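J.: Here is the input, now give the coordinates:
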Amino acid sequence: MPQLSDFDEHFVHQIPEPLGVVGIEHPHWRESYFFVTHGPAPDSDVVVVAMATYPPRGMLDALVLGRVGDELVFRHYQRPAGRDPHSSTVGPVSVVVEEPFRRVRVLVDGADGFDAELTFEARTAAYALRRGRLRDDSGGLLWDQSHMIQSGTFNGTYSNGTAGGSVDGWLGQRDHSWGVRDHGRIPMWTWLAIQLPDGMLGVWHWELADGAHVFTDGCWAPAGGGDPVPVLSFDHDLHWTDDAGAPVGYGPDGSAVSGLAGTVSCALADGSTLTVHGAGRWCAPYRPFYGGGQHLLAVETDDGRRGMAVYEVTGRHHHRFFPEPLGTDSAP
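T.: Below is the predicted model:
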């Protein structure tokens, strides 16, 4: 007998099944929220909160990541879905959508040493990326997702023990994605959230191990809510760096990596090209679960605009970033 949830009472169904049955039956089907905010300097603190529901597994989880002072933060929480798979609370972490596409609250109650009360206020329009797909060599599904990105201004506080402070006026980004993503078997993707004074450049880009492009989407979204301008193409010349800022190979586990640097360039639908140079260091490494992770970079465009950005480069095998294939465990 199908399992019904309390939300099955509402006008929300889109297939002839209860909400616990998703359109693609796959163990890595997930729907997730993601939030990141950071200060205005390369050594600023970074707070990352993610939450996901996994209907085929009957569970939800939440991650609290980032960098506070010189300490990297990692917390992972889970709960069974039961008859309440739609409440966005997992352990001490809650996400409350107060006004769709305008204002969202993110709370971490401090029970496990990390406390946060953050409010996201939109500074750009939300942008819906087109659906993307990737299969392995045998035809197995690795990725089939839709995705929304949006830049915002954050207010509130955070603390990790005795360290922490205010995020008032900090910039950042949120995502909402749904579909299949088997992270541990993906060759490579890069996700960019570039915050400039007059708007946000967001990019979602996937490649095969040999560097062949699979998918590119994203936008330039002007501050103040103007219409986003789609990204048509994306090129990158990025490299890992060591403690001294010199280029370094990722090796078998990324243990020599401290940061990321280089140049990215996007052609936009309005005929313009936006080129961004940047350098920074880890704010959320994914080892030992996955390759790569997130970095906070100071960035400057070719026309002199300066800002801050989070660059995520992750995967398991890529000729440039992960030339030594990594393991395929699909951890949180």
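J.: what about the protein, any weak spots by pLDDT?
T.: 1-2, 328-332 (pLDDT under 70).
J.: just checking, next helix/strand downstream of the longest strand along it?
T.: Looking across the chain with DSSP state E, the single longest strand is strand 141-160. Next helix or strand after strand 141-160 toward the C-terminus (DSSP states H and E): strand 163-166.
J.: so what strands line up beside the helix or strand following that following strand?
T.: Tracing the chain past strand 163-166, the next element assigned as helix or strand by DSSP H and E is strand 170-181. Strand pairing for strand 170-181, using DSSP bridges, gives strand 29-38 (antiparallel), strand 141-160 (antiparallel).
J.: Report the distance from the helix or strand following strand 170-181 to the chain centre.
T.: Using DSSP H and E, the helix or strand that follows strand 170-181 in sequence is strand 188-196. Computed by C-alpha atoms, centre = their mean, to the nearest Å, the chain-centroid distance of strand 188-196 equals 8 Å.
J.: Extract the C-alpha trace of the longest strand of the chain and format it as PDB.
T.: Provided in PDB are the C-alpha atoms of strand 141-160 (Å, rounded to 0.1, in the frame of the first residue of the first chain):
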ATOM      1  CA  LEU A 141      21.500   7.700 -15.000                       C
ATOM      2  CA  LEU A 142      23.900  10.000 -13.100                       C
ATOM      3  CA  TRP A 143      22.100  13.300 -13.200                       C
ATOM      4  CA  ASP A 144      18.600  14.600 -14.200                       C
ATOM      5  CA  GLN A 145      17.700  17.800 -12.400                       C
ATOM      6  CA  SER A 146      16.000  21.200 -12.500                       C
ATOM      7  CA  HIS A 147      17.500  24.000 -10.600                       C
ATOM      8  CA  MET A 148      16.800  27.600  -9.400                       C
ATOM      9  CA  ILE A 149      19.500  30.200  -8.400                       C
ATOM     10  CA  GLN A 150      19.100  33.600  -6.800                       C
ATOM     11  CA  SER A 151      21.400  36.200  -5.200                       C
ATOM     12  CA  GLY A 152      20.500  37.800  -1.900                       C
ATOM     13  CA  THR A 153      21.500  40.000   1.100                       C
ATOM     14  CA  PHE A 154      21.700  38.200   4.400                       C
ATOM     15  CA  ASN A 155      21.000  39.500   7.900                       C
ATOM     16  CA  GLY A 156      21.400  37.800  11.300                       C
ATOM     17  CA  THR A 157      24.100  36.200  13.400                       C
ATOM     18  CA  TYR A 158      26.100  33.000  13.600                       C
ATOM     19  CA  SER A 159      28.500  31.400  16.100                       C
ATOM     20  CA  ASN A 160      30.800  28.400  16.400                       C
END
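J.: Just the buried positions in that strand, please.
T.: The neighbour-count criterion (16 or more other C-beta atoms under 10 Å) identifies 141-145, 147, 149-156, 158-160 as the buried residues of strand 141-160. In this view, the C-beta of every residue, glycine as well, is placed from N, C-alpha and C.
J.: and E25, what does it touch?
T.: E25 sits next to P56 when contact means C-beta atoms under 8 Å, 6 or more residues apart in numbering.
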